[in-house]
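Novice: no letters, just coordinates:
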């Protein structure tokens, strides 16, 4: 067992208490005021060199190495919760109605505080600086926190940035850290559609454009994105996840609203989705005689793990957390993360890692599910991986 795992295990009782406290009192995006205060208090207790509050709730701390000047590596976590009513029945379940840490940000924040404690104890062993970013509003697309922090110059002087996201898995994977080079997560965009008719009597369909029929035609045509627009070796997801319209069985509706979510791994596929959306809207508008207004919301970029930094981590992590706890993923992940902007807006190399965290209970529930609960036993591996990687990067 490495010294980093030894250190992480030695502080586990404290980090578990921190994680459960944060989980019990979740706060929504841009409302993380108490969480931010709690983080600041812990960072001051651990002895970081500087603490700065940005965008009201984000916290940025620095730890300077005792071996002099050198490079700067940033470690990032997110702190916000989701508008979900928790149904886990855990003793530390959320006490805030309708708000839950259903995406694991409570564990991310707790582990980053563990990183802070460990790095403060290790500051005599490295040169340079570690910057710890406790980010707000990851779940607030398109007004996400990372883009805002980049605008506030949080990445000035940073040579590389690492992130980690826990994931519910089968329990034989607890504590395994996985990632891969290149495109690792999807981009995320939203497209809303106002389909406007005139309304009319159900017995006279030839007298009134039908926005419900137009919506149905659009949904079917959107399925051509993956089957006809994007290469079979690439991936593109476009799902219509909300649709509203209609008043009564005998009334032709005058309006339908629907909104969908688009995801892709490459900028080319992302653009093809958008192009297809507008072509379909214009074609159905012409055929249906409805007016169709499209609202595009460009969200997160795809996370693209830097090749050289990925190779470095794959070389270092087996000695830090054990070779059985490091995995090279064969496939990218079909979710989106605003961690991407720390690199795409600045050019700074980044790597996002996935901490496989098992599940509590008899079933694996996905992130964002009201029953989602993961094993805290994964946290020492997450902390050791991040802390050990930071020290190795600064020293090599």
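Specialist: Happy to help now that I have it. Predicted model only: the values in this text are computed from it and were never measured. Numbers count the residues shown, from 1 in each chain.

Novice: show me where the stretch 151-300 of the chain has its helices.
Specialist: Ranges of helices in the stretch 151-300 of the chain, per DSSP state H, counting those that start in this stretch, are 211-222, 224, 267-288.

Novice: show me what the last one is packed up against.
Specialist: The one in question is helix 267-288. When contacts are defined as 3 or more Cβ pairs under 8 Å, 6 or more residues apart in numbering; DSSP states H and E, helix 267-288 packs onto strand 189-196, helix 211-222, strand 236-245, strand 255-264, strand 291-298. For every residue, glycine as well, the C-beta is placed using N, CA and C.

Novice: now that helix: buried residues?
Specialist: 269-270, 272-274, 276-277, 280-281, 284-285, 288 (16 or more other Cβ atoms under 10 Å).

Novice: now render these as JSON lines, adding distance to residue 20.
Specialist: Written out in JSON lines, the entries for those read as follows (distance: Cβ to Cβ, whole Å):
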{"residue": "269", "distance to residue 20": "41"}
{"residue": "270", "distance to residue 20": "39"}
{"residue": "272", "distance to residue 20": "45"}
{"residue": "273", "distance to residue 20": "41"}
{"residue": "274", "distance to residue 20": "43"}
{"residue": "276", "distance to residue 20": "46"}
{"residue": "277", "distance to residue 20": "44"}
{"residue": "280", "distance to residue 20": "48"}
{"residue": "281", "distance to residue 20": "48"}
{"residue": "284", "distance to residue 20": "51"}
{"residue": "285", "distance to residue 20": "53"}
{"residue": "288", "distance to residue 20": "54"}
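
Novice: which among the helices of the stretch 151-300 of the chain is found nearest to residue 183?
Specialist: Checking these against residue 183 by Cβ to Cβ gives helix 267-288 as the closest, at 9.6 Å.

Novice: you'd agree residue 168 is up against residue 371?
Specialist: No. Because the distance of 9.9 Å does not satisfy Cβ atoms under 8 Å, residue 168 is recorded as not touching residue 371.

Novice: who has more neighbours, the two?
Specialist: Comparing residue 168 with residue 371 by other Cβ atoms under 10 Å, the one with more neighbours is residue 168, at 23 against 18.

Novice: now residue 138: closest residue in space, sequence neighbours ignored.
Specialist: Spatial nearest neighbour of residue 138, excluding adjacent residues (Cβ to Cβ, 6 or more residues apart in numbering): residue 78 at 3.8 Å.

Novice: could you pull up the residues touching that neighbour?
Specialist: By Cβ atoms under 8 Å, 6 or more residues apart in numbering, the contact list for residue 78 reads 105, 108-109, 134-136, 138-139, 145.

Novice: now, which of those lie within helices?
Specialist: Where those overlap with helices, as defined by DSSP state H, the overlap consists of 105, 108-109, 145.
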